[in-house]
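Trainee: Sharing a sequence plus its predicted fold:
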Amino acid sequence: ATEDTSLHERWLAGEFTIVPEESRGLEVWDTIVITALVSTALVLPFEVAFYSDPPMCLRITRRIVDVIFTADIVVTFQVAYTVPNALTNELYERSPLKIAKHYLSVPCSDGGTAGWFWPDLLTVLPWDSLGVKSIRLVRILRLLRMFR
């Protein structure tokens, strides 16, 4: 990048995009997200089956998982996605605008790889604060992330 190239132009060119194969930090982050998913898979069915008002330790765990999943939405907007391109031998789409379009697409489009923003969003919305009465339904919605 030259001195005349603005940060915005560099961002648009994908210079700050996280490329999965090149990022040790993303590997660590993915491990944290997988741990949160496993926690959800193990704790949520137990919570739904046995508690109408979960104990404080489960509520705190749920909030920590919500923070991780919310942060993951932000991170996902920065991560290149796989697109084999025979013309350039480029394996990843690095353009932040194309990454955003891919993430915000129709759910499960592009062979099931695009559109995950919407299910991700459904899992982190504070449904109980929004007046949704079926707490069990709200908790089950959190399992949507398992399909990703």
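Mentor: Sure thing, it's come through.
Trainee: who does the helix or strand encompassing Pro119 touch, helix- and strand-wise?
Mentor: Here Pro119 sits within helix 117-124, counting by DSSP states H and E. In terms of contact count using 3 or more CB pairs under 8 Å, 6 or more residues apart in numbering; DSSP states H and E, helix 117-124 is assigned the packing partners helix 56-76. The way it works is simple: take the backbone N, C-alpha and C, and place the C-beta from them, glycine included.
Trainee: So for Glu93, what's the nearest residue that isn't a sequence neighbour?
Mentor: Residue nearest to Glu93 in three dimensions, not counting chain neighbours: Val83, with 4.5 Å by CB to CB, 6 or more residues apart in numbering.
Trainee: what do you get for Arg94?
Mentor: The shortest distance from Arg94 to any residue that is not its chain neighbour, by CB to CB, 6+ apart, is 2.9 Å, and that residue is Gly14.
Trainee: Spit out the contact partners of that neighbour.
Mentor: The contact partners of Gly14, by CB atoms under 8 Å, 6 or more residues apart in numbering, come to Ala80, Arg94, Ser95, Pro96.
Trainee: can you list those in TSV and add secondary structure and pLDDT?
Mentor: What follows is the contacts of Gly14, written out as TSV (DSSP: H, G, I helix; E, B strand; the rest coil; pLDDT from 0 to 100):
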residue	secondary structure	pLDDT
Ala80	coil	95
Arg94	coil	93
Ser95	coil	95
Pro96	helix	96
